[in-house]
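Asks: quick one, what's the 3D model for this:
(one chain, ligands or ions: 3)
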Amino acid sequence: ASTPPPGPLEKVFQYIDLHQDEFVQTLKEWVAVESDSVQPVPRLRRELLRMAGLAADRLRGLGARVASVDAGFQQLSDGQTLPIPPILLAELGSDPKKPTVCFYGHLDVQPARQEDGWLTDPYTLTEVDGKLYGRGTTDNKGPVLAWINAVSAFKALDEGLPVNIKFLIEGMEESGSLALEELVRKEKSGFFSSVDCIVISDNLWISRRKPALIYGTRGNSYFTVEVKCRDQDFHSGTFGGILNEPMADLVALLGSLVDASGRILVPGIYGHVAPVTEEEKRVYEAIDLDVEEYRNSSQVKKFLFDTKEELLMHLWRYPSLSIHGIEGAFHEPGAKTVIPGRVIGKFSIRLVPHMDMSVVETQVKQHLEYIFSKRNSSNQMTVSMALGLHPWIANISDHQYLAAKRAIKTVFGTEPDMIRDGSTIPIAKILQDTTQKSVIMLPLGAVDDGEHSQNEKINRWNYIEGSKLFAAFFLEMAKLHSSW
Ligand SMILES: NCCCC(=O)N[C@@H](Cc1c[nH]cn1)C(=O)O
Ligand SMILES: [Zn+2]
Ligand SMILES: [Zn+2]
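Replies: Numbers count the residues shown, from 1 in each chain. Ligands and ions are numbered 1, 2, ... in the order given. Have a look, this model is predicted:
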């Protein structure tokens, strides 16, 4: 545990230490709810609704005013509809002399089955050597509860909260945050009007022990490329050799996108990428990353780049292209001699400042059309951009970054790593652009937490010290507010 600093936080930190088993118990209760938003089945949707109810009760227990906003229905491609869990908007305090800090988090989780390689039941929180294993422990139930723990400590001690608190909690993040953007737009001049900053804690540090602040995430343009001869498959003994095979066309198209060094081969794609500045280079040099340990723990024989700086830049500030899968391809074990009649390739390009999504869309379509035309194939090719998510970048001179740095120093005794995240948190950019409020990403989890993976965990230390970090952050925000 961190040494409690003298002053108002001392009692709060002691309270959090003393009540840590209760906090772990609540996390256990939340993890036990299979709030999987990815598999669209009624049973899991009921679990999501139950989860929203549990969280709303918890927030009401803190004394918050909670609105459980109906989010309508999800329309599935087979004609079925499923309810979208309500979005929780909660408020605690409205003192105009205090800043208002809004926390965004999500209660839904990725699917998990023990037979996929979990060492314990994913929905039974299990502690082993200070590691709390369970689906959602780090993504994102643990951080949501850490924020609640911090608020509950101030409330229980009858210490006035140094800030007004708001919560924006959803249950569909893992499925594209359905209905959330619309609600954010609707509440711009309502719920969000008094907010000073929005905190997201839905990513990880880049280290096991050293905390980090995140100031940027990449965006994503997700493409599908369909090659079709006909809707039915062919027997390769009967048709092999006399037609253009859709899979051969598709493999050539996908193979034209990126070279073996990871360079994207779509002409013009690097044209708008922000140039690296000398100041930026120094930021990468300062980051504490043991490349060998990172490589070994990732079980990768060799990365495409050798130095820490190159690796980080290619993860965070350069675009990358990944090929995800092929729908319609024969993929089961065995030696079936089929020629698929219609296949759909899926790939995406992670976007960085200052790439323009519509320019990227045109560049990709033109490139694939050119490659396809050279093959003289009689098949039909259709390219679509299925998803377009913008990159997000923060202004690190905003108040909340200074407050977070000070809070990290108080709790962990160190400066944070200033990092970006190579993946995408779409709501960050939406919140920033729609509400015009600044957003900070303040993660709690360690690099090896395994979000979305088997054996996801959060360390007890991260969960408890993270709860203190949020408490210290409230106080630092309040101190800065008095000098605004
Ligand atoms: N560390 C946070 C990760 C959140 C996440 O996994 N986001 C998805 C969002 C997305 C992008 N394209 C489609 N969905 C991600 O893959 O980055
Ligand atoms: Zn998440
Ligand atoms: Zn996730």
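Asks: look through the stretch 351-484 of the chain and state the residue closest to ligand 2.
Replies: Nearest residue of the stretch 351-484 of the chain to ligand 2, counting by C-beta to the ion: residue 451, 6.7 Å away. Heads up, the C-betas are built off the backbone N, CA and C, glycines and all.
Asks: residue contacts, that residue?
Replies: 110, 138, 139, 204, 445 (C-beta atoms under 8 Å, 6 or more residues apart in numbering).
Asks: in this structure residue 132 contacts residue 23, no?
Replies: No: if you go by C-beta atoms under 8 Å, residue 132 and residue 23 don't touch, sitting 10.4 Å apart.
Asks: which residues do the two both contact?
Replies: With C-beta under 8 Å, 6+ apart, residue 132 and residue 23 have common neighbours residue 463.
Asks: how about the residues of the stretch 251-400 of the chain by ligand 1?
Replies: Applying C-beta under 6 Å from any ligand atom, we find that the stretch 251-400 of the chain lies next to ligand 1 at 387, 389.
Asks: show me where this structure has helices.
Replies: 9-18, 20-31, 42-61, 142-156, 180-186, 236-239, 246-255, 278-285, 291-297, 308-316, 357-375, 399-412, 426-435, 460-481 (DSSP state H).
Asks: rebuild those helices as TSV, extending it with mean neighbour count, distance to ligand 2 and mean pLDDT.
Replies: As requested, the helices of the chain are exported to TSV (neighbours: other C-beta atoms under 10 Å; distance: least, C-beta to the ion, whole Å; pLDDT from 0 to 100):
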stretch	mean neighbour count	distance to ligand 2	mean pLDDT
helix 9-18	19	23	96
helix 20-31	17	14	98
helix 42-61	18	14	98
helix 142-156	24	9	97
helix 180-186	16	13	98
helix 236-239	12	43	98
helix 246-255	20	29	98
helix 278-285	12	25	90
helix 291-297	13	21	91
helix 308-316	18	18	96
helix 357-375	16	23	98
helix 399-412	21	19	97
helix 426-435	20	10	96
helix 460-481	23	15	97
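Asks: select, out of those, the one closest to residue 79.
Replies: Nearest of those to residue 79, taken as C-beta to C-beta: helix 42-61 at 14.3 Å.
Asks: tell me the angle the closest one makes with helix 20-31.
Replies: Helix 42-61 and helix 20-31 are oriented at 150 degrees to each other (axes from the mean of the first three to the mean of the last three C-alpha atoms, to 10 degrees).
Asks: helix 42-61 vs helix 142-156, what angle?
Replies: 20 degrees.
Asks: count the residues that sit near residue 257.
Replies: 22 (other C-beta atoms under 10 Å).
Asks: partners of the nearest residue to it once chain neighbours are set aside in the sheet?
Replies: Nearest non-adjacent residue to residue 257, counting by C-beta to C-beta, 6 or more residues apart in numbering: residue 321, 5.5 Å away. For residue 321, the beta-bridge partners under DSSP bridges are residue 349.
Asks: show the pLDDT at residue 321.
Replies: Residue 321 carries a pLDDT value of 98.
Asks: got it, and the one 5 residues further on?
Replies: You'll see residue 326 listed with a pLDDT of 97.
Asks: surely it and residue 343 touch.
Replies: Yes: at 5.5 Å, residue 326 and residue 343 qualify as touching, with contact defined as C-beta under 8 Å.
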